[in-house]
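[1] No letters, just coordinates:
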């Protein structure tokens with residue numbers, strides 16, 4: 001079965017717009033986390049989560065940084 005693809009320039013659906021917005025917010029959280037690491041050097045996981053807002057996105061961001069060895 002052929003994979004269904006979207007046409008370039010097609011209108012965005014509300015679902016697609018929401019996914020893009022979430023991805024942009026995830027990237028922003030990651031950027032803030034890396035800025036904090038660059039500024040403060042070593043930072044505790046809990047402190048970084050709090051700095052990022054303490055929500056589920058902050059936890060996911062810090063989990064990814066821990067997994068990749070950026071934070072202990």
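    Cool, got the structure. Keep in mind that what you see is a predicted model, and the values were worked out from it rather than measured.
[2] Three-state assignment for residue 28, please.
    Three-state assignment for residue 28 (DSSP: H, G, I helix; E, B strand; the rest coil): helix.
[3] Tell me how far it lies from residue 58.
    Separation of residue 28 from residue 58 (CB to CB, to the nearest Å): 11 Å. C-beta here means a position set from N, CA and C on the backbone, and glycine is covered the same way.
[4] Compare those two (neighbour count), which wins?
    Between residue 28 and residue 58, residue 58 has the larger neighbour count (other CB atoms under 10 Å), namely 18 against 13.
[5] who touches that one in this structure?
    With contact taken as CB atoms under 8 Å, 6 or more residues apart in numbering, residue 58 is in contact with 29, 48, 49, 50, 51, 52.
[6] centroid residue for the chain?
    residue 26 (2.3 Å; CA atoms, centre = their mean).
[7] I'm done for today, thanks for sticking with me.
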